[in-house]
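>>> Dropping the sequence and predicted coords here.
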Amino acid sequence: MSVYTPVNQQQLQDFLNLYSLGRLIEFSGIQAGIENTNYLITSSQGDFILTIFESLSAQELPCYLNLLNHLSRANFPAPQPQQSINTQFINTLVDKPAALFCCLPGKSVEVASLAQCSEVGEYLANLHIVSKGSGFSKANLKNISACQQSFIKIKSFLSDFDRELLSLELNFQLNYPLPTLPSGVIHADLFKDNVLFDKGKISGILDFYNACNDCFLLDIAVACNDWCVDNNKVNSEKIKALLSGYENIRKLTKDEKSYFMIFLRRAALRFWLSRIEHQLTPMPGELTLKKDPLVFRTILQQHRKEVENE
């Protein structure tokens, strides 16, 4: 979440009128995430989050908003999209698709405790179970083949060291045989800044716009590579806590346990590449957040070293 598209008070009031949400009192941009424009809006009827979609089209959005609606109706703490007076989840603001969501309480954490890692594991397992009846179907557009294409596009900008490491890991991932693993709807981006805590408990899980259908193990690995890393160092105790929380809800299969490290490496590779690409081609905006790609190079190196030491 960032601010790439500025809006004024009259534009926001006109947009609110589509929802019969009363008079606009105040609004402010939100600096978090890197893909969409987000504002916190306070109206005479309460607080809402406005999202202006910067890359997804109006035709691509219904599957995501229907998933969010399904989750929130199942009492999963996802932001519930608001229907306009014409019963639409998606409308237009500044010539871009936009939507309003209920504002969930709480704040994200910068450093997760063992208990918070365990709770995230539980909620991730719940997501994998509750989303089964959502009807959501979306291929993972950032799979290992997409990582290879990204590497080809950016490799001329890389140092010799980074180019060699990325090439080695890509060749490994592309040629490593995997069994059929349990799969379904995954969040695919469950970083700390996408989870809210209120009074010590999870109160909201945000930003489902990378959601797709893939192995549950990939989702777990993505989460571990953020929640279980302190000062760029992988914390094995936090990984154990997250996995233990997950298995409180859904037991991992023998294959999932066997291939977990492969997916930790794959997740680190995917986000290292995407952050490099974003760094090389940033979107212009008045309030944007840049994330360091080298964090994931360091994480990938640690996972590779652990395999070498086994």
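Good, I have the coordinates. Numbers count the residues shown, from 1 in each chain.

>>> ranges for the strands of the stretch 1-150 of the chain?
24-29, 37-43, 46-52, 91-93, 96-102 (DSSP state E, counting those that start in this stretch).

>>> For the shortest one, which residues meet the burial criterion?
The one in question is strand 91-93. Neighbour-count burial for strand 91-93, with 16 or more other C-beta atoms under 10 Å as criterion, is recorded at L93. For glycine as for every other residue, the C-beta is placed from the backbone atoms N, C-alpha and C.

>>> tell me the pLDDT at the residue sitting nearest the centre point of the chain?
Geometric centre of the chain, nearest residue: D189, 2.4 Å, by C-alpha atoms, centre = their mean. At D189, the predicted lDDT confidence score is 96.

>>> So the residue nearest to it when sequence neighbours are not counted, which state does it fall into?
Nearest residue to D189, sequence neighbours excluded (C-beta to C-beta, 6 or more residues apart in numbering): N210, at 4.2 Å. Following DSSP: H, G, I helix; E, B strand; the rest coil, N210 is assigned to coil.

>>> I'd assumed A188 was in contact with N210.
Yes. With contacts counted by C-beta atoms under 8 Å, N210 reaches A188, the gap being 4.3 Å.

>>> what touches both of these two?
Common contacts of N210 and A188 (C-beta atoms under 8 Å, 6 or more residues apart in numbering): K142.

>>> So which of the two has more stuff around it?
A188 (23 against 19; other C-beta atoms under 10 Å).

>>> Surely that one touches A139?
No. With contact defined as C-beta under 8 Å, A188 does not count as touching A139 (11.6 Å).

>>> Which neighbours do those two have in common?
Joint contacts of A188 and A139 (C-beta under 8 Å, 6+ apart) are C212.

>>> Please name the nearest non-neighbouring residue to S84.
S84 sits nearest to L18 (C-beta to C-beta, 6+ apart), 4.6 Å away.

>>> I'd like to know how many residues surround the one you found.
Counted by other C-beta under 10 Å, the residues lying close to L18 total 17.

>>> who's in contact with it?
S84, I85, N86, N91.

>>> How much space separates the residue nearest to D189 from L56?
Look at N210 and L56: by C-beta to C-beta, to the nearest Å, they are 11 Å apart.

>>> In this structure the residue nearest to the centre of the chain contacts D219, no?
No. Using C-beta under 8 Å, D189 is not in contact with D219, being 9.2 Å away.

>>> who wins for neighbours among the contacts of L18?
That'd be S84 among those, by other C-beta under 10 Å, with 17 neighbours.

>>> Can you list phi and psi of it for me?
In terms of degrees, to the nearest 10, the main-chain angles of S84 are phi -80, psi 180.

>>> so where is this protein shaky, pLDDT-wise?
Along the chain, the model assigns pLDDT under 70 to residues 1-2, 32-34, 282-290, 310.

>>> What are the buried residues along the helix ranked longest in it?
In the chain, assigned by DSSP state H, the helix with the most residues is helix 260-280. Within helix 260-280, the residues scored as buried using 16+ other C-beta under 10 Å are 260, 262-277.
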